[in-house]
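**Q** return atomic coordinates for the entry below.
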Amino acid sequence: MTPRNTLPPGQRAIDHFPRFGLLKYARRFRKEFDALELLVTGDVRNAITLTVDDLNVLPHIRQASDFHCVTTWSRLGLLWGGVRFSDFYRLIVQPKAQPSNDAQWVIFRSQDGFRTCLPLADLMSDDVLLADTLGSSALPAKHGAPL
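**A** This is a model prediction of the structure:
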């Protein structure tokens, strides 16, 4: 994470927070959401399905983080709330799903069809959240609601 108010080379600060992502998904918003369900499958001993109640046992934190889009814009100092991915992984995924020691990647699939793959090592940083709030409100659809 880049320190607040510091722009990476080639970025410009903006004062609004547009929808980000691939054009195929940029204007795709669900009007209603299915109940939050997290499926943990793949290189695990036990596939598990989790709900929002499973996340509610974890500490909910708030943090200010900058958002840097690959299209060269940045929104500085956004206030996010949620649970740390590292807490989720260590306290829920490891004991219940028992992932392989060789697991290195996490694939996220959203309700609008978008998916991405991220290195597990990067996700374990203390500043990575499974965010459910932005500012003082629930995470809006244009930024990935419900999580």
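
**Q** run through who's touching the helix or strand that contains Ala131.
**A** Using DSSP states H and E, the element containing Ala131 is strand 129-134. Under the contact criterion C-beta atoms under 8 Å, 6 or more residues apart in numbering, strand 129-134 has outside partners 55, 61-63, 78-85, 88, 138-140, 143-144, 146-147. Using the backbone N, CA and C atoms, a C-beta is placed for each residue, glycine as well.

**Q** just the buried ones among the residues you listed, please.
**A** Among the contacts of strand 129-134, those classed as buried by 16 or more other C-beta atoms under 10 Å are 55, 78, 80-85, 88, 139, 143-144, 146-147.

**Q** ok, the residue most central in space within the chain to Pro18 distance?
**A** With distances taken as C-alpha atoms, centre = their mean, the residue of the chain nearest its centroid is Leu130 (4.3 Å). Here the criterion is C-beta to C-beta, to the nearest Å. By it, Leu130 lies 22 Å from Pro18.

**Q** got phi/psi on the residue lying closest to Ser86 once chain neighbours are set aside?
**A** Of all residues not flanking Ser86 in the chain, Met124 sits nearest, at 4.8 Å (C-beta to C-beta, 6 or more residues apart in numbering). Backbone torsions for Met124, taken as degrees, to the nearest 10, come to phi -80, psi 0.

**Q** give the contact list for Met124.
**A** When the contact criterion is C-beta under 8 Å, 6+ apart, the partners of Met124 are Phe85, Ser86, Tyr89.

**Q** now render those residues as CSV, adding secondary structure and pLDDT.
**A** Formatted as CSV, these follow (DSSP: H, G, I helix; E, B strand; the rest coil; pLDDT from 0 to 100):
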residue, secondary structure, pLDDT
Phe85, helix, 97
Ser86, helix, 98
Tyr89, helix, 97
